[in-house]
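Participant: got a sequence here, can you model it:
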Amino acid sequence: MSGLCIGFDTSNYTTSTAVFDGARGENRGRLLTVEQGALGLRQSEALFQHVKRLHLMVEQLREEGQMGQIAAVGASTRPREVEGSYMPCFLVGEGQGRTLAAALGVPFFPCSHQQGHIAAAAWSAGREDLLDAPHLAWHLSGGTTELLYVRSSGHLMEAQLIGGTQDISAGQLVDRIGVAMGIPFPAGKGMDALSCQSQREDFFPVKTKDGQFSLSGMENKIRGMLEQGAEKPDVARFTLETIASVLIRTTAWARERYGDLPLLCSGGVASNTLLRQRLEGLGAVFAPPQYSVDNALGVAILAHRALERGAQG
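Facilitator: Next comes the predicted model:
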């Protein structure tokens with residue numbers, strides 16, 4: 001069974017809707033508004049913006065002729081597929097998704113935000129086969145720096161956390177340093193552009209143990225560089241080279257433990273130019289930048305997989 005599936009993802013910083021028919025996918029998204037100088041949004045503010053904007057993404061797809069008869073609806077309902085994983089902003093996509101499915105009389109398929117990221121990255125990179133095979137995956141975003149051991153589980157994937165940061169995420173480090181240098185939040189694109197102006201290649205060797213590491217100490221060190229008058233492009237480059245170094249070493253540890261598995265990289269931080277260059281040396285698979293950031297395409301893809309495999313909504 002196949003048909004057009006629609007997916008919703010209302011993450012902490014992006015409102016998005018996507019459609020997928022098994023071969024073609026289209027995503028429309030919009031970043032939430034964050035005040036200049038702020039480092040994020042309260043959940044109540046994020047939820048309010050999603051409520052006001054989600055229908056606009058659907059209307060945009062409709063106006064562009066991307067919509068058709070909907071066979072199933074999907075939505076990300078929580079950050080990760082683990083017990084206790086919860087974030088209020090996902091209630092907007094889930095609530096509107098369930099309402100639409102009920103009104104149309106079609107199945108509703110929930111998934112986690114993280115599963116959606118993995119699906120979007122694999123499909124858009126031309127490696128949808130990874131969704132049915134064991135692999136390693138870095139989920140690198142504003143709130144997450146996790147190394148996962150991924151296996152298929154029906155139409156979804158089971159993602160086991162095996163490594164990553166014990167405190168702030170790579171995205172938080174990038175955002176905090178970027179905002180400190182006057183870059184608007186979220187600072188990923190600005191830090192990317194700034195780092196390309198530097199030829200500096202040194203980094204701080206962050207300590208790792210059993211796949212775990214800490215980045216909070218790096219924030220203090222890098223802020224110290226700024227206070228001592230270091231050039232902003234050099235600070236941006238040093239920050240990203242440090243992140244790349246610890247990701248590479250943690251990946252090597254995981255491959256020693258789990259085997260020489262394919263490596264998939266997803267999440268907004270994975271769209272960074274320097275990180276992509278460094279991790280591609282490990283044979284890493286990346287989504288195109290527009291599908292590395294938060295998006296609903298993976299949610300729609302997983303809904304379509306569920307429909308094809310006869311899952312019960």
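Participant: tell me where the longest helix sits in the chain.
Facilitator: Counting residues, the longest helix found in the chain (DSSP state H) is helix 232-258.
Participant: list the buried residues in it.
Facilitator: Neighbour counts over helix 232-258 (16 or more other Cβ atoms under 10 Å) mark 232-251, 253-254 as buried. For every residue, glycine as well, the C-beta is placed using N, CA and C.
Participant: same for that helix, what does it pack against?
Facilitator: Counting contacts by 3 or more Cβ pairs under 8 Å, 6 or more residues apart in numbering; DSSP states H and E, helix 232-258 is packed against strand 135-140, strand 145-153, strand 156-165, helix 170-180, helix 188-195, strand 208-209, helix 216-227, helix 273-280.
Participant: comparing the ones you listed, which comes out most buried?
Facilitator: Most buried of these by mean neighbour count (mean count of other Cβ atoms under 10 Å) is strand 135-140; its value is a mean of 27.
Participant: adjacent strands (with direction) for it?
Facilitator: Strand 135-140 pairs in its sheet with strand 145-153 (antiparallel), strand 263-266 (parallel), by DSSP bridges.
Participant: for the last one, the distance to its chain's centre please.
Facilitator: The gap between the average C-alpha position of strand 263-266 and the chain average comes to 10 Å, counting by Cα atoms, centre = their mean, to the nearest Å.
Participant: who touches it?
Facilitator: 117-118, 120-122, 125, 127, 130, 135-140, 150, 251, 275-276, 279, 282-287, 292 (Cβ atoms under 8 Å, 6 or more residues apart in numbering).
Participant: then it to PDB, C-alphas only?
Facilitator: C-alpha atoms of strand 263-266 as PDB (Å, rounded to 0.1, in the frame of the first residue of the first chain):
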ATOM      1  CA  LEU A 263      28.400   6.500   9.900                       C
ATOM      2  CA  LEU A 264      25.300   8.700   9.300                       C
ATOM      3  CA  CYS A 265      25.400  12.400  10.500                       C
ATOM      4  CA  SER A 266      22.200  14.400  11.100                       C
END
